[in-house]
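> model this:
(one chain, ligands or ions: 1)
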Amino acid sequence: MQIKAKKYFGQNFLKDESIKNKIIQSIPDSKKIVEIGPGLGDLTHGLLAKCEQLVCFEIDSDLIEHLKSRFSHELEDKMQLINADALKAWGELSKQPYFLAANLPYYVATNIILKALRDKNCSGFVVMIQREVAQKFCAKNAEQNSLSLLSCLYGECELLFDVGPECFEPAPKVTSSVIKLIKNKEPDCDIAGFESFLKSCFAAPRKTLAKNLLAIAQKERILRIFEQLGIKESIRAHELNLALFLKIFDEVRDAKRQ
Ligand code: SAM
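Numbers count the residues shown, from 1 in each chain. Just a heads-up that it's a prediction; the model follows:
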């Protein structure tokens, strides 16, 4: 069966064998692996050797037919194939502990990574995404941003290697990167609240942090918190570490409750 890639599902199929092998090698052996968007099944094939159980979520029913015939044998045993939008089927995706592996469609990559971070059943991920977004998740020091700080709550997000457009069919317009995060801690703060707090902190990165915080707290309160924590009023969000962001977050919330 001839399969035509669908742009609206973000279909860029990975064709380069050595990149496929590099991705598979970077994935730890796991009891259960979830793959989002198996596509034509090329990564899927390598993932089967890495786990006891592989569950794949694919949105495109045309590809489901192809995958059913390619993996007819495995589907009787250790593999499960679900025709669904992974974002909508997250409850089913996250029934038991799992490791996430994917060559993600660009249009939903950030949302899927954020969901995986928040999901207690997800022990970590190796995913290929657009390089620009990968650099955001893995940024450090002066480059840090809300996505890199959120990742740091769970572990270290590493950019493993870049993958050029020529490795895909059809070739995307941008370079991709493979990133890896193994969760080694579980934050005990209100994650949804902290995510929205970080968005405010980085809303206008050139402005001072205090000015950005004016959107969610009063000036006197912000200056009092900064003084208590020994933070200069002129500081910008990229200059502050995660521990201090968490402290300011707590203080701002306490002030709102009073
Ligand atoms: N894994 C294959 C590979 O590496 O060649 C395909 C990767 S392609 C970039 C993205 C895949 O995700 C496509 O098969 C696409 O149909 C599927 N997809 C797109 N949106 C999805 C969604 N919301 N839920 C599940 N699969 C999705």
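> Now do the closest residue to the ligand within the chain: how many residues are near it, please.
Nearest to the ligand in the chain, going by Cβ to the nearest ligand atom, is Gly37, at a distance of 2.1 Å. (Glycine included, C-beta is placed from N, CA and C.) By other Cβ atoms under 10 Å, the residues close to Gly37 number 22.
> what residues are up against it?
Gly10, Phe57, Glu58, Ile59, Ala86, Ala102, Asn103, Leu104, Pro105 (Cβ atoms under 8 Å, 6 or more residues apart in numbering).
> in the sheet, who's paired with the nearest residue to Leu75 once chain neighbours are set aside?
The shortest distance from Leu75 to any residue other than its chain neighbours is 6.2 Å, reached at Leu81 (Cβ to Cβ, 6 or more residues apart in numbering). Beta-bridge pairing of Leu81 under DSSP bridges involves Cys56.
> again, but for Tyr98
Bridge pairing for Tyr98 - DSSP bridges - gives Cys122.
> which ones are touching it?
Tyr98 touches Ser30, Lys32, Ile33, Val34, Val55, Asn121, Cys122, Ser123, counting by Cβ under 8 Å, 6+ apart.
> Kindly report the same for Ser148.
Ser148 touches Lys136, Phe137, Cys138, Ala139, Lys140, Cys157, counting by Cβ under 8 Å, 6+ apart.
> Any of the residues you listed buried? List them.
Among those, the ones that count as buried by 16 or more other Cβ atoms under 10 Å are Lys136, Phe137, Cys138, Ala139, Cys157.
> Now do the last one against Val163, distance only.
In other words, Cys157. 17 Å (Cβ to Cβ, to the nearest Å).
> which two in the contacts of Tyr98 are spaced the farthest apart?
Val55 and Ser123 (14.2 Å; Cβ to Cβ).
> that's a helix at Gln11, yeah?
No. Counting by DSSP: H, G, I helix; E, B strand; the rest coil, Gln11 is located in no helix; its state is coil.
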